[in-house]
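below: sequence and its predicted model.
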Amino acid sequence: MSRSNFCANCGARLARKGWRGWLAGARCGDCALRLGRSVTKPLVIGGAIATAAFAFGRYLRPAPPPLIIHRAATSPLSDLPVDFKPHTNGTTSAANSNAVQNPIATDEPIYICGARTRKGTPCRRRVHAAGDRCYQHKGLPAMVPLEKLIIKPDGAKK
């Protein structure tokens, strides 16, 4: 972008030093003062208007609505408030407080998919019944025999 080297009003040579020279326009300092044109004044006024508009908009913003969690009428969850404190009978034990409650333990066997993956190993996803495959391997045969698709519980003999 080319800039003029001489004042458009009086013809004096313009000395462009720093960034202000690029904002000054085609007039020397004397002509700009005489004609009353300044670049910084509109920039300051525009910045003040933008800041005031931003602050006014933040002031007029409505408060966020309260958090409401909707649940179906047939939900198995209780409507009672949740008590996060552990129930103890007057004694506290580190073993009891850190114990993880296991879901209902059943004697039903757990099966894995067993189909060949891209890596070439058997798929380790759990499935509902023997011979079933996971969603990704529907219709593919198992790599290993059926008796190896059963996951044995930790306490069971292998």
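Right, received. Where do you want to start? Keep in mind that what you see is a predicted model, and the values were worked out from it rather than measured.

list the contacts of the closest residue to residue 8 other than its chain neighbours.
Distances taken as C-beta to C-beta, 6 or more residues apart in numbering place residue 26 nearest to residue 8, at 4.2 Å, with adjacent residues excluded. Quick note: C-beta positions are derived from backbone N, CA and C, even for glycine. Residues in contact with residue 26 (C-beta atoms under 8 Å, 6 or more residues apart in numbering) are 3, 4, 7, 8, 14.

how about a cut-off of 7 Å?
Residue 26 makes contact with 4, 7, 8, according to C-beta atoms under 7 Å, 6 or more residues apart in numbering.

likewise residue 137?
113, 115, 123.

C-terminal to the helix or strand bottoming out on mean pLDDT in the chain, what's the next element?
None of the helices or strands of the chain scores lower by mean pLDDT, DSSP states H and E than helix 94-98, at a mean of 49. Scanning forward in sequence from helix 94-98 by DSSP states H and E, the next helix or strand is strand 110-112.

may I see the PyMOL selection of the buried members of the contacts of residue 26?
To isolate the buried ones among the contacts of residue 26 in PyMOL, judged by 16 or more other C-beta atoms under 10 Å, type:
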select buried, resi 7
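
this protein: helices as residue ranges?
If DSSP state H is used as the criterion, the helices of the chain fall at 20-24, 29-35, 40-60, 94-98.

would you mind giving these as JSON lines with distance to residue 73 and mean neighbour count added?
Output for those, formatted as JSON lines (distance: least, C-beta to C-beta, whole Å; neighbours: other C-beta atoms under 10 Å):
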{"stretch": "helix 20-24", "distance to residue 73": "67", "mean neighbour count": "13"}
{"stretch": "helix 29-35", "distance to residue 73": "75", "mean neighbour count": "13"}
{"stretch": "helix 40-60", "distance to residue 73": "39", "mean neighbour count": "10"}
{"stretch": "helix 94-98", "distance to residue 73": "36", "mean neighbour count": "8"}
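
let's have the ones you listed in CSV, adding distance to residue 71.
As requested, the helices of the chain are arranged in CSV below (distance: least, C-beta to C-beta, whole Å):
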stretch, distance to residue 71
helix 20-24, 61
helix 29-35, 70
helix 40-60, 34
helix 94-98, 30
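
any idea which of these scores lowest on pLDDT?
Ranked by mean pLDDT, the helices of the chain bottom out at helix 94-98, with a mean of 49.

got the contact list for residue 150?
Residue 150 touches 109, 111, counting by C-beta under 7 Å, 6+ apart.
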